[in-house]
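J.: Have a look at this fold, sequence not included:
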Ligand code: UT7
């Protein structure tokens, strides 16, 4: 095993300025602020508005902030991985577009699609390139413009999702900090409960698919909820056990922000109190690949070198997993 680990050496995020509150949604669909808060924990989401703006534009803002924090330029990036389910286009990869917009001419990049687990999948993948010594600076960005695939006439999905992007920089570390372990899982059986029906090769876009509103997120909430509660809690407990970590050893649980009830169940299973759980779902909703780096961004000033973090996610696919990170730097 390599003694070199991949450490997160900077984090930054971006959410667009326009807000969509629960009260705004009360005017669009048959719902109430009370229902949304009590069933999900969400109060507000940010929505990217403006013609011609896509996921890459939010990602670029997050990456620019990241580079500024480390006094680096776009030419310093070796590789950029973009986790997203809302790419700017079916092809080319949004990572390529982000690199072009940044002027990251020395970097290559690719997109990774694992829905709400996209960020932890991408982080674990990127870490391998650092541990092998192949690259020195990798950007992992989780970004989704969920508003581009949400049906604002469907109350069961439109209340949940928001837009946003978060990015981290990975660099080699030899002082015991960094990404120390990960457990990733997937089960394609779960695809029937959460997917986008049209626009792929099985059902290409046509007048009919548009008329039938098949280009939006379809979710059967209950089965996803049940699988998420078990999957996220189990894998978080599993990574703690594997690394001989007790609740007192954990500084923070960094959970995917899908539903406050799923987050609470995961924290209970890990035995960690609410003061150790990063929760910002009330302000952003579920930004899919963006949730975990947006949490790290919001909590960055509270994190100390050596803090043990458990990043945990569950999403469409099904995909799920947990990452054990030892934080690498003191707050600035
Ligand atoms: O991040 C990717 C992974 N995704 C998730 O982890 C999401 C997992 N699922 C969930 O978070 C929850 O299932 C939801 C928040 C989507 C739904 O909450 P729920 O407690 O599971 O509600 P439900 O689907 O069982 O619906 C309960 C009732 C239904 O009415 P009836 O049949 O009991 O009369 C729904 O029609 O609530 C109704 N309902 C709503 N009512 C007001 C559904 N959406 C709404 C709404 N406002 N927005």
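T.: Sure thing, it's come through. All of these numbers come straight from a predicted model, not from anything done at the bench. Numbers count the residues shown, from 1 in each chain.

J.: From here on, just use CA atoms for contacts and neighbour counts.
T.: Will do.

J.: Next, give phi and psi for the spatially closest residue to residue 223 that is not a sequence neighbour.
T.: Leaving out its chain neighbours, the residue that sits closest to residue 223 by C-alpha to C-alpha, 6 or more residues apart in numbering is residue 193, at 6.9 Å. With angles defined as degrees, to the nearest 10, residue 193 sits at phi -90, psi -20.

J.: what residue is smack in the middle of the chain?
T.: What sits nearest the mean C-alpha location of the chain, by C-alpha atoms, centre = their mean, is residue 289, with 2.7 Å.

J.: my hunch is that that one is in a helix, does that hold up?
T.: Yes: assessed with DSSP: H, G, I helix; E, B strand; the rest coil, residue 289 lies in a helix.

J.: Contacts only, for it.
T.: Listed by C-alpha atoms under 8 Å, 6 or more residues apart in numbering, the contact set of residue 289 reads 83, 84, 85, 115, 116, 117, 118, 119, 142, 143, 144, 165.

J.: repeat that with 6 Å
T.: Residues in contact with residue 289 (C-alpha atoms under 6 Å, 6 or more residues apart in numbering) are 83, 84, 116, 118, 119, 142, 143.

J.: Can I have the buried ones of the residues you listed as a PyMOL selection?
T.: The PyMOL selection below is limited to those of these classed as buried (16 or more other C-alpha atoms under 10 Å):
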select buried, resi 83+84+116+118+119+142+143
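
J.: quick one: which of the contacts of residue 289 sit in strands?
T.: The strands, defined by DSSP state E, take in 83, 142, 143 from these.

J.: any chance of those residues in CSV, with distance to the ligand and pLDDT too?
T.: Shown next, in CSV, are these (distance: C-alpha to the nearest ligand atom, whole Å; pLDDT from 0 to 100):
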residue, distance to the ligand, pLDDT
83, 14, 98
142, 13, 98
143, 14, 98
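
J.: picking that back up, what's the neighbour count on the residue nearest to residue 223?
T.: Residue 193 has 16 neighbouring residues, counting by other C-alpha atoms under 10 Å.

J.: Which strand or helix spans the residue in the stretch 1-150 of the chain positioned nearest to the ligand?
T.: Going by C-alpha to the nearest ligand atom, the ligand is nearest to residue 31 of the stretch 1-150 of the chain, at 3.6 Å. Using DSSP states H and E, residue 31 falls within no helix or strand.

J.: how many other residues sit next to it?
T.: When neighbours are defined as other C-alpha under 10 Å, residue 31 has 16 of them.

J.: Then the one 10 residues further on?
T.: When neighbours are defined as other C-alpha under 10 Å, residue 41 has 22 of them.

J.: so who does it touch?
T.: Residue 41 is in contact with 260, 282, counting by C-alpha under 6 Å, 6+ apart.

J.: In terms of pLDDT, where does it sit?
T.: pLDDT, residue 41: 96.

J.: roughly how far apart are the residue in the stretch 51-200 of the chain positioned nearest to the ligand and residue 40?
T.: Scanning the stretch 51-200 of the chain for the residue nearest the ligand gives residue 156, at 3.8 Å (criterion: C-alpha to the nearest ligand atom). Here residue 156 is placed at a distance of 11 Å from residue 40 (C-alpha to C-alpha, to the nearest Å).

J.: Give me the more crowded residue out of those two.
T.: Taking neighbours as other C-alpha under 10 Å, residue 156 and residue 40 compare with residue 40 leading, 21 against 17.

J.: can you pull the contacts of the more buried one?
T.: Here residue 40 is in contact with 259, 260 (C-alpha under 6 Å, 6+ apart).

J.: Counting neighbours, which bits of the host helix or strand of residue 127 end up buried?
T.: Using DSSP H and E, residue 127 sits within helix 118-131. Using 16+ other C-alpha under 10 Å as the test for burial, helix 118-131 gives 118-124, 126-131.

J.: Residues contacting it, please?
T.: The contact list for helix 118-131 (C-alpha under 6 Å, 6+ apart) reads 4, 5, 6, 83, 135, 142, 172, 289.

J.: May I have the secondary structure class of residue 182?
T.: strand.

J.: Does it have any beta-bridge partners, and if so which?
T.: Counting by DSSP bridges, residue 182 is bridged to residue 323.

J.: My read is that it contacts residue 323, right?
T.: Yes: between residue 182 and residue 323 there is a contact at 4.2 Å, judged by C-alpha atoms under 6 Å.

J.: one step back: and the residue nearest to the centre of the chain, what's its pLDDT?
T.: 98.

J.: nearest residue to it other than its sequence neighbours?
T.: residue 142 (4.5 Å).
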